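1. Curious how this folds, go ahead:
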Amino acid sequence: MNDRLSWVGAKGGPLVVIPAEIAPRWRGGVDGTQSLEDLDRWWQSLDPWHGDCGRAWSIKGPVGTLAVGTGRALVLRRASRPTTFVPHVEGGILVRGIYAEDEATLRRALLTMPASSWKPTPHRLTVSDGGLVVFDSALPGDGVPASIGEQATIPCLRLDIPPGIYQVDMADHSPIKTNRLGLYRLRRSPRLPLAS
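-> Next up is the predicted model:
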């Protein structure tokens, strides 16, 4: 069994965490007429202050949400940090590697982290059957796979988590001098009773 984590980074904008079914509505940082066939040339045409990428850059603070189609996307504001996802029984943790020795050390740091380190944010994400995808906000979301197992045309990370409403908490964790992690926990809210 391969326990290695998959990572995604950003070249042009903050990372966006978005429900898979509305990802195609995310237009990125260009007008949508450029082809992604030559990604290097595409990056040269990028205006990161344009379109949805520009909206992502307008978020104040390290995390925020934006309306996209009929849903909302979570924006992780600091662009250059590689990001991975560690599943958890309540949802999972988006880990932004500020610096860490290796993945085993990173996982140990998450297990030993005190619960008091987490700070709630006002942000929530609604997840349906398609889960979430994470990618550079400068890229158009129609390059992410529409379903699990489909090939992506842009760098992305797929989060296969159960449907529900997820509270977003954050923490900055430095268990030892050689490790510092920016963390965003997606914690599934308990099901609310149906109104009668």
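
2. Just the buried residues of stretch 111-121, please?
-> The neighbour-count check on stretch 111-121 (16 or more other CB atoms under 10 Å) flags 113, 118, 121 as buried. For glycine as for every other residue, the C-beta is placed from the backbone atoms N, C-alpha and C.

3. I'd like the mean pLDDT over that stretch, please.
-> The pLDDT scores in stretch 111-121 average 89.

4. Pull up the distance across it, start to finish.
-> 21 Å (CA to CA, to the nearest Å).

5. before we move on, the earlier item: just the buried residues of stretch 111-121: which are in strands?
-> Among the buried residues of stretch 111-121, the members found in strands (DSSP state E) are residue 121.

6. who touches residue 131 in this structure?
-> Contact partners of residue 131, counting by CB atoms under 8 Å, 6 or more residues apart in numbering, are 19, 20, 148, 158, 159, 160, 161.

7. Tell me which residues touch residue 169, please.
-> When the contact criterion is CB under 8 Å, 6+ apart, the partners of residue 169 are 118, 119, 120, 121, 184, 185, 187.

8. So which of those is the closest to residue 84?
-> Distances from residue 84 to the contacts of residue 169, taken as CB to CB, are shortest for residue 184 (11.4 Å).

9. mind exporting the strand or helix carrying that closest one as CSV, just the C-alpha atoms?
-> Using DSSP states H and E, the element containing residue 184 is strand 180-188. Only the C-alpha atoms of strand 180-188 are listed here, as CSV (Å, rounded to 0.1, in the frame of the first residue of the first chain):
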residue,chain,number,x,y,z
ARG,A,180,5.9,24.6,10.5
LEU,A,181,2.5,23.8,9.0
GLY,A,182,-0.5,26.0,7.9
LEU,A,183,-3.5,23.8,8.5
TYR,A,184,-7.2,24.0,7.4
ARG,A,185,-9.5,21.4,8.9
LEU,A,186,-12.7,20.5,7.1
ARG,A,187,-15.0,19.2,9.9
ARG,A,188,-18.3,17.8,9.0
